[in-house]
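**Q** Provided below for reference: sequence and predicted model.
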Amino acid sequence: MARRTVGVILTLLGVALLASVVGMGMLYWVTTRGPSVPSHAVLTLSIGGDLPEVAPADVFGYLRGASVPTLRSVVDNLRKAAADRRVAAVLIKPAGFSSPYWGKVQEIRDALVAFRKSGKPLYAYLEYGGDREYFLATAANKVFLSPSSPLDVTGVATYAVFLRGTLDKIGAYPDLQHIGDYKTASNQFTEKAYTAAHREMDASLGRDLFEQIVGVIAEGRGKTEADVRRLVDEGPFLPDAALSAGLIDEVAYEDEVLDALHEAVPDANGHEIDGDDYTQVSLTSLGLNRGPRIAVIHASGAIASGEGGFDPLSGMAIGSDTLVEYIREAREDRSIRAIVLRIDSPGGSAAASDAVWRELIVTRDERADRPLVASMSDLAASGGYYLAMPAKTIVAQPATLTGSIGIYGGKFVTGGVYEKLGARIESTSIGKHAEMNSPARPYNADEGAKLREQLQDFYDQFVQKVAESRGASREKIDRISQGRVWTGRQAKEHGLVDALGGLDHAVMLAKEQAGIPADSDVTLVMYPPRRSLYEILTTEFSGEARSASFARWLAANVSSAELDVLRAVRGPSAFFRRGEPLALMPFSFIR
């Protein structure tokens, strides 16, 4: 009887195991097979959201397969559509951008301009005519605006949140120091309003971004820049006024736009394919992403020591250990012909940035025939710029925020908060400076001098390394450093950046430096590699996965403006130790 029971149990376990294997196989087949693309189809691309550099590595993202919307998936969809004979035209629907930055938006617009060279029609439909939405739409052959939406193009405004008054009310004291007149990352905690340098820098960034936007609109709509400046001052526009001003081509609903596009397509048959489905069409099936191998190493998020992590408000942190591991893998792979470091980071830990910098220097110097190129996304500032320095060539978008060559550090003294709540912090210690980073009291004069010494030493090293990497004098770099943030276009004028463009332009330069023919396609080997379903399932209930789920809840239930304030209040404390020197750019948001 017992033997029969054991046999039944083993049989049931075997059936369950077989069913699990079959189920996993079916799940893999469903999530990896490509869609059927009808001939003469119109590809519809909805573009918006955060546009992360790397897809989220969780079960939800995996089940959506390659359709997880990333910056690269949008760019690749346009590359594929240009080469795919089944795709006759593209309709873009820009909407719902949640990032306050412009570099990725410029990269997508570059891809739209490249698509138009295929000769296929490109139409843009704006359900809401916001600034980023309209910026992208001006790359299209025709721009359509919904009858119920204004064209909300009114200029550029930069906002910074100052929390000193709030900290004073709760009894907290920001005991922070910075090196560089424009190193204003600590100002949101130490000041109640703009300093002169902070205001000057933000105003300069806003002016340059505004001029970039004006230039693009003027080119896209066939107007002079003076005309566009005048029109922006008259905005926002009702739909008919936007039409009369020549800023759009027609006022229409989406179904009417599709009808017009089908009429413009030879042999139109009314078939459409959604961008999420088309993302699952592989590049290689269309003869793309083949040839010599180039590594693209993504450094996305704040830079921290160790393996990094995830914070619901601040997002991903690049762990120095993890990034060093990817760099070594690419360096040891003899089939890799060039390395492109793709940076989307505001900076972070000075020590972690320096550790990654050293690994990149070793990689660059080990083989002179394997070029290292840096490609900057929305952000590559402070510690993010530090990572770019070993590259022979640095490429940025005109609106990339970069520079911020400076450092700050210190601590938040929270003893007053405890006292307001009737509590008290007491301690015992051995060693003159054992309580240097105590949360109960500010630095004394000797401790403050020690902190200043550490910060100055790192700043001096930072400036010297920039001078050596850019072939400039230390004095020149010090003048344009001081913690100042520049747009990519300004940074190029000052010699901190070599070329303007996106990842594809960086890859083109890497090909040139590696001796790969310009007309040869290449295979991009991405780091981090996509995780398997098994790896995701084994970590789904980890702290990182729970944080990612909470972040998705926040994005769905909290407005972008409220999230901006929460991120400012939260500060960088999630990833960094008290008193740790930080090469981190100031937090501000542009609308």
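**A** Cool, the structure landed.
**Q** which ones are touching the one residue sitting closest to the centre of the chain?
**A** In the chain, the centroid-proximal residue (CA atoms, centre = their mean) is residue 344; its distance is 4.4 Å. By CB atoms under 8 Å, 6 or more residues apart in numbering, the contact set of residue 344 is 53, 298-301, 376-380, 384. No exception for glycine: its C-beta is placed from N, CA and C like everyone else's.
**Q** now the buried members of those residues.
**A** Buried by 16 or more other CB atoms under 10 Å: 53, 298-301, 376-380, 384, out of those.
**Q** re earlier: helix/strand/coil for the residue nearest to the centre of the chain?
**A** strand (DSSP: H, G, I helix; E, B strand; the rest coil).
**Q** likewise for residue 125?
**A** strand.
**Q** count of residues packed around it?
**A** Using other CB atoms under 10 Å, the number of residues around residue 125 comes to 27.
**Q** the residue lying closest to the residue nearest to the centre of the chain once chain neighbours are set aside: which element?
**A** Closest residue to residue 344 apart from its sequence neighbours, by CB to CB, 6 or more residues apart in numbering: residue 377 at 3.7 Å. Using DSSP states H and E, residue 377 sits within strand 372-381.
**Q** which secondary structure elements does that strand contact?
**A** helix 103-116, strand 336-345, helix 350-366, helix 383-388, strand 393-396, strand 401-403, helix 503-514 (3 or more CB pairs under 8 Å, 6 or more residues apart in numbering; DSSP states H and E).
**Q** just to revisit the earlier point, pLDDT wise, what is the residue nearest to residue 344 at?
**A** We have a pLDDT of 97 for residue 377.
**Q** for it, list the residues it contacts.
**A** Taking CB under 8 Å, 6+ apart as the test, what residue 377 contacts is 53, 71, 103-104, 107, 300, 342-344, 397, 400, 503.
**Q** one step back: redo the buried ones among the contacts of residue 344 as TSV? Include distance to residue 216.
**A** Listed next are the buried ones among the contacts of residue 344 as TSV, based on distance: CB to CB, whole Å:
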residue	distance to residue 216
53	23
298	27
299	27
300	25
301	28
376	19
377	18
378	17
379	20
380	21
384	25
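**Q** from these, which is closest to residue 418?
**A** residue 301 (32.0 Å; CB to CB).
**Q** ignoring the adjacent residues along the chain, who's closest to that closest one?
**A** residue 316 (3.6 Å).
**Q** pLDDT score for that neighbour?
**A** For residue 316, the predicted pLDDT is 72.
**Q** so it bridges to which residues?
**A** Per DSSP bridges, the residues bridged to residue 316 are residue 310.
**Q** now the residue nearest to residue 344: how far from residue 293?
**A** 22 Å (CB to CB, to the nearest Å).
**Q** number of residues surrounding residue 212?
**A** By other CB under 10 Å, neighbour count at residue 212 equals 20.
**Q** wait, I meant residue 258
**A** Going by other CB under 10 Å, the residues that sit close to residue 258 add up to 19.
**Q** now the one 4 residues further on
**A** By other CB under 10 Å, the residues close to residue 262 number 18.
**Q** pLDDT on the helix or strand it falls within, on average?
**A** For residue 262, the host element (DSSP H and E) is helix 254-264. For helix 254-264, the mean per-residue pLDDT is 93.
**Q** after that helix, which helix or strand is next?
**A** Trace forward from helix 254-264 with DSSP H and E and the next one is strand 272-274.
**Q** what's that next one packed up against?
**A** Using 3+ CB pairs under 8 Å, 6+ apart, strand 272-274 is in contact with strand 41-49.
**Q** against which helices or strands is the strand it packs on packed?
**A** helix 71-83, strand 87-97, helix 254-264, strand 272-274, helix 275-278.
**Q** average pLDDT across it?
**A** The model assigns strand 41-49 a mean pLDDT of 95.
**Q** got it, and stretch 320-333?
**A** Mean predicted lDDT for stretch 320-333 stands at 96.
**Q** with just CA atoms, put it into CSV.
**A** What follows is stretch 320-333, C-alpha atoms only, in CSV (Å, rounded to 0.1, in the frame of the first residue of the first chain):
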residue,chain,number,x,y,z
SER,A,320,30.5,50.0,-9.6
ASP,A,321,31.1,46.3,-9.2
THR,A,322,28.4,45.4,-11.8
LEU,A,323,29.6,47.9,-14.3
VAL,A,324,33.3,46.9,-13.9
GLU,A,325,32.2,43.3,-14.5
TYR,A,326,30.5,44.3,-17.8
ILE,A,327,33.6,46.3,-18.9
ARG,A,328,35.9,43.3,-18.2
GLU,A,329,33.6,40.9,-20.1
ALA,A,330,33.7,43.2,-23.2
ARG,A,331,37.4,43.7,-22.9
GLU,A,332,38.1,40.0,-22.7
ASP,A,333,35.8,39.1,-25.6
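**Q** buried stuff in it?
**A** 320, 322-324, 326-327, 330-331.
**Q** from the residues you listed, which land in helices?
**A** Applying DSSP state H to the buried residues of stretch 320-333, the entries found in helices are 320, 322-324, 326-327, 330-331.
**Q** measure residue 293 to residue 526 for me?
**A** As defined by CB to CB, residue 293 lies at a distance of 11 Å from residue 526.
**Q** same thing with residue 220?
**A** In terms of CB to CB, residue 220 sits 31 Å off from residue 526.
**Q** looking at those two, which one has more neighbours?
**A** residue 220 (21 against 15).
**Q** dihedrals phi and psi, that one?
**A** Taking degrees, to the nearest 10, you get phi -70, psi -30 for the backbone angles of residue 220.
**Q** which one is it nearest to, not counting chain neighbours?
**A** Nearest one to residue 220, counting by CB to CB, 6+ apart, is residue 138 at 3.0 Å.
**Q** so how far is stretch 207-222 from its chain's centroid?
**A** Averaging C-alpha positions (CA atoms, centre = their mean, to the nearest Å) puts stretch 207-222 22 Å from its chain's average.
**Q** low-scoring stretches of the chain, by residue?
**A** Where the chain drops to pLDDT under 70, the residues are 1-34, 56-68, 268, 309-315, 531-580, 582, 587-591.
**Q** care to break it down by domain?
**A** 41-154+235-284, 290-408+455-590 (automatic domain parsing).
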